[in-house]
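Participant: Pasting the sequence and the predicted model now:
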Amino acid sequence: ANNGLAITPQMGWNTWNKYGCNVDEQLILDAAKAIASSGLKDLGYNYVIIDDCWQKNERESSKTLLADPTKFPRGIKPLVDDIHNLGLKAGIYSSAGTLTCGGHIASLGYEDIDAKTWAKWGIDYLKYDNCYNQGQSGTPKLSYDRYKAMGNALNKTGRPMLYSLCNWGEDGPWNFASTISNSWRISGDVYDNFNRPDPACPCTTYDCVLAGFRCSVMNIINKAVAVSQKARSGGWNDLDMLEVGNGGMNQEEYRVHYTIWAALKSPLILGNDVTNITNTTKEIIMNKEVIAVNQDSSFSPANRIWVKGDQQLFSGNLANNTQVVILLNAGDSAAKMTATWDDIWVYNLPNVDSSRSIEVRDLWKQKSLGNFSNHITLDVPAHGVRLLKFMDSATSS
Ligand code: GAL
C-alpha cells in the first residue's frame, strides 16, 4: 500500500466478535478507556475499530456518509477525537459493495467521497468488506480493481490510513492485495470454537470458493499454512479477529488460537469485552514474550513443517538468529511430541548441526527449559500447544 503502515502486524480491538451490530458511542468509548488504562495499549493494542452497523442508512445531500444518530449522537469525529486523546487510533468499517454485510450503506462507487470523509473525521484504519459487490469478483483482476479503487482514494486523502481488506480469501488476495493493502482476510469468519466442522464454513483448504462463516480455529489454521509465506512487512495474512475471552473455548484452545495467529503474523485484533477481562484471558492476550513473536523484526511468518495425525510442528525465523517452534496437539488427549533439529531447520539443510546444544525458552511460561541437543520431547496438552523460542540457531552458515 506504500503508506508506511503495518510494518509489523497491526494490533487492536474491534467491536464485531462480541457485539455484532449492537454498537454505540458509549460502548466504544468505554472500551477505548479500558484499553488505555489496562495495559493493553502499552502492549501494542492501539487501534480501536468500529465494525459494521455504525451507519445511517442515507447519505447527506452532498453524498457524505453519516453515522446513525441514535447510536452516535455526536457523530463519529468527536468520538475519534476522544480515542486519539487516549493515545489510541481509530478504525472504521465499510464494504466494497453497495451495502455492507449487515445491510447498511457501503462505498462501491463512492470511494473518493468516503475516503475524504474518513480522513476529515481523523480515521486511521479502514476495514473494507466484500458483501453486495455487484458481481465484481470471481477473478483476481475484478477483485483487485475494486479494492484498488479504495486504496487509491485513501492514498489521495494524504492521511495515512491502514487498509485492511476483508474479502475472506476470495480470488486469492495474498496474490493481488499485497501491493494495495496492509492486510487481507484469508478465510470466512472465525467463530468461537476450536475444531467443530460447520456446514456454513464448507472450505477446508484455501483453494475453495465459498468462504462462508462459522470457521473454527483449526479450520482457519489449516487454510492459513498454505499461504503463510505470502505475508511480508506492510502486507499481512489476516486470520480474522481474536475470540479469546468470548467463552467458547477452553484455555488451552485459546492458547492455540493466539499462538498460531501470533506466529503466522496475523493482525492481533481483540474481539472480547475489554472492560471486564478475567485473569485467564489476560494470561493469553497480555504475554509480552508471545506478542514479541508476532511483532518480531524479522517479519517472518512461521511455516508448518509437518502433520502427523493430530500433531503439527511449526518453525520460523526470529531476529538475532533465534527461532520460534510450536508443537501443536489438536488431539483429544495429551501427547508427547518430539521435534528434531533437522525438522526445525529443514529449510536450512544440509547446513544444520544436529548435535548443537541450544537453550530453549517456553514463551507461555516465560522461563527457560534448559539446553537440548538433537531433538526436544515435551508433553503437550489436549487441544494445546507448546510455544518455544530457540535462543540460537543450529545452522552453521
Ligand atoms: C463479515 C466480516 C466480519 C464482519 C461482518 C459485519 O463479512 O467478515 O468480520 O465485519 O461482515 O457485517
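Facilitator: Ah, there it is. Residues are numbered from 1 along each chain as shown.
Participant: Please count neighbours and contacts with C-alpha atoms only from this point.
Facilitator: Noted.
Participant: which bits of this protein sit near the ligand?
Facilitator: 51, 52, 101, 102, 129, 189 (CA under 6 Å from any ligand atom).
Participant: The last one - how many residues pack around it?
Facilitator: The number of residues packed around residue 189, counting by other CA atoms under 10 Å, is 21.
Participant: what sits against the residue nearest to it when sequence neighbours are not counted?
Facilitator: Once flanking residues are discounted, residue 189 sits nearest to residue 213: 4.3 Å by CA to CA, 6 or more residues apart in numbering. Applying CA atoms under 8 Å, 6 or more residues apart in numbering to residue 213 gives the contacts 188, 189, 190, 191, 200, 201.
Participant: From residue 53, how far out is residue 213?
Facilitator: For residue 213, the distance to residue 53 equals 18 Å [CA to CA, to the nearest Å].
Participant: same question, residue 92
Facilitator: In terms of CA to CA, residue 92 sits 10 Å off from residue 53.
Participant: Residue 9 too?
Facilitator: Plainly put, residue 9 is 25 Å away from residue 53 if you go by CA to CA.
Participant: which one of those two has more residues nearby?
Facilitator: residue 9 (27 against 24).
Participant: pretty sure that one is touching residue 265, no?
Facilitator: Yes - between residue 9 and residue 265 there is a contact under CA atoms under 8 Å: 6.1 Å.
Participant: any residues in contact with both of the two?
Facilitator: 236, 294, 295.
Participant: The nearest residue in space to residue 205 that is not next to it in sequence - how many residues pack around it?
Facilitator: Nearest non-adjacent residue to residue 205, counting by CA to CA, 6+ apart: residue 223, 4.9 Å away. By other CA under 10 Å, the residues close to residue 223 number 20.
Participant: buried stuff in the helix or strand residue 223 falls within?
Facilitator: Assessed by DSSP states H and E, residue 223 sits inside helix 217-227. Across helix 217-227, burial judged by 16 or more other CA atoms under 10 Å covers 217, 218, 219, 220, 221, 223, 224, 225, 227.
Participant: Can you work out which other helices and strands pack against the lengthiest helix in the chain?
Facilitator: Longest helix in the chain by number of residues (criterion: DSSP state H): helix 140-157. Helices and strands touching helix 140-157, by 3 or more CA pairs under 8 Å, 6 or more residues apart in numbering; DSSP states H and E, are helix 111-121, helix 173-176.
Participant: Quick one: closest of these to residue 154.
Facilitator: Closest to residue 154 of the helices and strands packed on helix 140-157 is helix 111-121 (CA to CA; 5.3 Å).
Participant: in the closest one, what counts as buried?
Facilitator: Under 16+ other CA under 10 Å, the buried positions of helix 111-121 are 111, 112, 113, 114, 115, 116, 117, 118, 119, 121.
Participant: for the third one, what are its contacts?
Facilitator: Residues in contact with residue 113 (CA under 8 Å, 6+ apart) are 63, 64.
Participant: run the last query once more with 6 Å
Facilitator: Counting by CA atoms under 6 Å, 6 or more residues apart in numbering, residue 113 touches no other residue.
Participant: Let me know the distance separating it from the ligand.
Facilitator: For residue 113, the distance to the ligand (CA to the nearest ligand atom, to the nearest Å) stands at 21 Å.
Participant: Centroid-nearest residue for the chain?
Facilitator: residue 267 (3.0 Å; CA atoms, centre = their mean).
Participant: So that one is in contact with residue 9, correct?
Facilitator: Yes - under the criterion of CA atoms under 6 Å, residue 267 makes contact with residue 9 at 4.7 Å.
Participant: How many neighbouring residues does residue 369 have?
Facilitator: 12.
Participant: Which PyMOL command selects the buried ones in the shared contacts of residue 9 and residue 265?
Facilitator: Buried residues within these, by 16+ other CA under 10 Å, are selected in PyMOL with:
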select buried, resi 236+294+295
